[in-house]
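1. pasted the sequence and its predicted model underneath.
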Amino acid sequence: MSDHYYSRTPQIESDRKVHEAVLVGRPFRFVTDAGVFSKTGVDYGSRVLIDAMEFAAEAKILDVGCGYGPIGLAAAVKAPAGHVTMIDVNERAVQLAAENAALNGISNVTVMQSDLYKAVTDKRFDVILTNPPIRAGKETVHRIFEEADELLVPGGAIWVVIQKKQGAPSAFAKLEAVYDSVREITKDKGYRIFRAEKEA
Ligand SMILES: C[S@@+](CC[C@H](N)C(=O)[O-])C[C@H]1O[C@@H](n2cnc3c(N)ncnc32)[C@H](O)[C@@H]1O
């Protein structure tokens, strides 16, 4: 099997590095590795989502496709009385996300390996955040949007970052097919932030 950032078990030799970043107004250190998404530092699109996301301090949040953890860990800081569940299919990413939670002194998170939402079907969330795995294919991305509806509480919302050239128009159309209220919150360079809300 070829080795992609979305492999369950990356075979590529480890090449761990530490990157620093300021997110939600505080400094973070992230260990990254070969075989995970954006190993050279926080992805620009993820930053745009982190800057745009809004939720209550006590929100229950899910970061689907958490990678080494920048979105979920930033969300955990922004929701100090809440909890963030972070899931990814890539076990190297999952290990790094857990390690990065500890490295940054963040304890209001749970990190789990999960193919799509399999590990969290019994849970409900106020907010779902995703920088979706475009390279895994449109079917996977659209399932992330569609199946989020089941996991959101009434009035809950999914926040998505996606590049225009990587299918933002079709992502928006898919969100509109599933959710009553879909808005473009902001755009920055080619990136779009969409927020889709489940009926209250
Ligand atoms: C674009 S990356 C974003 C990573 C991270 N959130 C960030 O901002 O750096 C998408 C992530 O989705 C994960 N992914 C791909 N297919 C998946 C699946 N079927 N279930 C869960 N996660 C998946 C990939 O392993 C990857 O870490």
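-> Perfect, I can see it now. Numbers count the residues shown, from 1 in each chain.

2. so which bits of this protein are right by the ligand?
-> Neighbours of the ligand within the chain, by Cβ under 6 Å from any ligand atom: 5-6, 37-38, 43, 46, 65-67, 70-71, 87-90, 93, 114-116, 131, 133, 136, 140. No exception for glycine: its C-beta is placed from N, CA and C like everyone else's.

3. can you turn the buried part of the residues you listed into a ChimeraX selection?
-> This is the ChimeraX syntax for the buried subset of those, where burial follows 16 or more other Cβ atoms under 10 Å:
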select :5,6,37,38,43,46,65,66,67,70,71,87,88,89,90,93,114,116,131,133,136,140
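
4. narrow the residues of the chain next to the ligand to those in helices?
-> Within those, residues falling in helices by DSSP state H are 46, 70-71, 93, 140.

5. helix or strand next in line after the lengthiest strand in the chain, which one?
-> Determined from DSSP state E, the single longest strand within the chain is strand 152-163. Sequence-wise, the next helix or strand downstream of strand 152-163 (DSSP states H and E) is helix 168-178.

6. in that following helix, what counts as buried?
-> In helix 168-178, the ones that count as buried by 16+ other Cβ under 10 Å are 168, 171-172, 174-175, 178.

7. out of these, who's nearest A59?
-> Distance to A59, by Cβ to Cβ, is smallest for L175 among the buried residues of helix 168-178, at 19.9 Å.

8. ok, that closest one to the ligand distance?
-> Computed as Cβ to the nearest ligand atom, to the nearest Å, the L175 to the ligand distance reads 17 Å.

9. thinking again about what came up before, the longest strand of the chain packs against which elements?
-> helix 44-52, strand 125-130, helix 138-151, helix 168-178, strand 191-197 (3 or more Cβ pairs under 8 Å, 6 or more residues apart in numbering; DSSP states H and E).
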